[in-house]
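Asks: quick one, what's the 3D model for this:
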Amino acid sequence: MSVRKVRYYLYLKDVLLLSLTSFGGPQAFLAMVLETMVRKRGYIREQELWELNALCQILPGPTSTQTISAIGYRIGGANLAYLSLFVWILPATLIMIGAAFLIDFLQMNTPGALTFSKFIQPMAIGFIIFAAQKTIFKMVKTTEASVLMMFSVFISFFYNSPFIFPLLLVVGGVTTSLKYRNLPKESADKKLVIKWANFYLWAGILLVAAVLGAVSQFRGVILFENFYRNGSLIFGGGQVLIPYLYTEFVEFKKFLSSQEFLTGYALSQGIPGPTFSIASYIGALSMREDGFVGMLTGGLVAAAGIFLPGTFLIFFVIRFWDQVKKHRPVKAALEGINAVSCGMLVAAAFLLFEPLDANLFNIAAILGTYVLLRYGKLSSPLIIGIGIFAGVIYQWVVMGVFQ
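Replies: Here you go, the predicted model:
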């Protein structure tokens, strides 16, 4: 085996290890990548890692997945990048598909099955509030951004159609791009050259999926288009994905219930790997009427749809980003896009709380989760595990389901 192939094999092995051990969100993920891929293996330099991660953060799509793919691209080109994407998302995808099978089985065979999730449903909202706080402090720093965020909260809550979100992002980006003259000028070193192949690939798949879905009305194709579209629009990470998915699949299409959605979101916080893997859970439950094969198909199709567009876009932009980032309107537009994304995240907390009873128990569970995340030293998986355990005890002692 050549030295290059050994290097590629080691890289994929490291990616698999990360996918099985990266608990704790993007900060923990980045620390593990720094330790394993920069300091231990030397695949890329530390400065390269920060630059790639910064680029992925301002592109739509799953940041951690794009970072892994971009590192693979730098090491071995497109083939290694696609392999690393597959290895990275597979464990979390299979776990969340398995969770969908379990939830569906319990509901079909056990009365009051989801009572065990009594605690983790409001806890999921606590996770979103904590994520919203961190995101807002990081991304909203001006009066204009604050106004855009509040505007986004209002529109996202009262007009929560999946078609309103892209419009909000455009409005936010255009609004702040108009003040680009306030930013210092940066001179471009050379003429901007753009290779459009991956952009055409991204746009072509989106168009073909939309047409095929409209013509065939096959739910698998429709799901792929839905998730592909959402994966093309998400700025701000997995938490910002939640209002999109909740609006489209719970309120608009009614493929799953609010209770099922909240349970799946909470479970996704307790597993390693990319947070976008909740798409596999939603996709599987969306095709439960077609049995085992349908649920498996729905989960895999959803995973492909949510993860592929971000990969195509990072491959497209990485070739010329060093030049385009110097254009002031581009940098200025990011402020508005991020502010609108924060507003959507705040609206998501309200939307997800609406179906729950506004009782003392739910409010205490939400606040307790937030306090543990904000001030405690417990990891997210441990907090979710405690919630599941408490729910099982409640179901056993109070509801008497297992008696």
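
Asks: go through stretch 74-85 and flag the buried ones.
Replies: Residues of stretch 74-85 classed as buried: Arg74, Ile75, Gly76, Leu80, Ala81, Tyr82, Leu83, Ser84, Leu85 (neighbour count, 16 or more other C-beta atoms under 10 Å). For every residue, glycine as well, the C-beta is placed using N, CA and C.

Asks: and the last one, what helix or strand is that in?
Replies: With elements delineated by DSSP states H and E, Leu85 resides in helix 63-109, which encompasses its position.

Asks: average pLDDT for that helix?
Replies: Taken as a whole, helix 63-109 has a mean pLDDT of 89.

Asks: which helices and strands sit right next to it?
Replies: Contact partners of helix 63-109 among helices and strands, from 3 or more C-beta pairs under 8 Å, 6 or more residues apart in numbering; DSSP states H and E: helix 3-21, helix 25-33, helix 46-58, helix 258-268, helix 278-286, helix 291-317.

Asks: now with 6 Å, please.
Replies: helix 3-21, helix 46-58, helix 278-286, helix 291-317 (3 or more C-beta pairs under 6 Å, 6 or more residues apart in numbering; DSSP states H and E).

Asks: thought Gly61 was touching Gly310?
Replies: Yes. Assessed by C-beta atoms under 6 Å, Gly61 is found in contact with Gly310 at 2.1 Å.

Asks: still on that earlier bit, which of the helices and strands packed on helix 63-109 sits closest to Ser341?
Replies: Each of those has some distance to Ser341 by C-beta to C-beta; the shortest is helix 46-58, at 11.0 Å.

Asks: after the helix holding Leu85 comes which helix or strand?
Replies: Scanning forward in sequence from helix 63-109 by DSSP H and E, the next helix or strand is helix 120-139.

Asks: return the helix or strand in this structure with minimum mean pLDDT.
Replies: Taking mean pLDDT, DSSP states H and E as the measure, the chain has helix 321-324 as its least confident helix or strand, at a mean of 66.

Asks: I figured Ala302 hits Ser277, correct?
Replies: No. Counting by C-beta under 6 Å, no contact exists between Ala302 and Ser277, whose distance comes to 9.3 Å.

Asks: of those two, who's got more company?
Replies: Neighbour count, other C-beta atoms under 10 Å: between Ala302 and Ser277, Ala302 has more, with 36 against 32.

Asks: excluding residues flanking it in the chain, which one is nearest that one?
Replies: By the measure of C-beta to C-beta, 6 or more residues apart in numbering, the closest residue to Ala302 outside its immediate chain neighbours is Gly283, 2.6 Å from it.

Asks: mind checking how far Val221 is from Leu233?
Replies: Between Val221 and Leu233 the computed distance is 19 Å (C-beta to C-beta, to the nearest Å).

Asks: let me redo that: Gly72
Replies: As for Gly72, its distance to Leu233 is 24 Å (criterion: C-beta to C-beta).

Asks: so if I had to pick from these two, which one is more boxed in?
Replies: Relative neighbour count places Gly72 above the other of Gly72 and Leu233, with 26 against 19, counting by other C-beta under 10 Å.

Asks: correct me, but that one touches Ser84?
Replies: Yes. In terms of C-beta under 6 Å, Gly72 counts as a neighbour of Ser84; the distance is 3.6 Å.

Asks: first vs last residue of stretch 267-287, how far apart are they?
Replies: Across stretch 267-287, the straight-line distance between its terminal residues is 20 Å, by C-alpha to C-alpha, to the nearest Å.

Asks: what about it, distance to the chain center?
Replies: Chain-centre distance of stretch 267-287: 9 Å, with C-alpha atoms, centre = their mean, to the nearest Å.

Asks: do stretch 338-352 as well
Replies: When C-alpha coordinates are averaged (C-alpha atoms, centre = their mean), stretch 338-352 and its chain have centres 14 Å apart.

Asks: buried residues in that stretch?
Replies: Applying a neighbour-count criterion of 16+ other C-beta under 10 Å, one finds 338-349, 351-352 buried in stretch 338-352.

Asks: could you name every residue contacting both of Gly61 and Gly310?
Replies: Gly231 (C-beta atoms under 6 Å, 6 or more residues apart in numbering).

Asks: picking up where we left off before, in CSV: the buried residues of stretch 74-85, plus distance to Arg7.
Replies: Shown next, in CSV, are the buried residues of stretch 74-85 (distance: C-beta to C-beta, whole Å):
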residue, distance to Arg7
Arg74, 12
Ile75, 7
Gly76, 8
Leu80, 10
Ala81, 14
Tyr82, 17
Leu83, 13
Ser84, 13
Leu85, 18
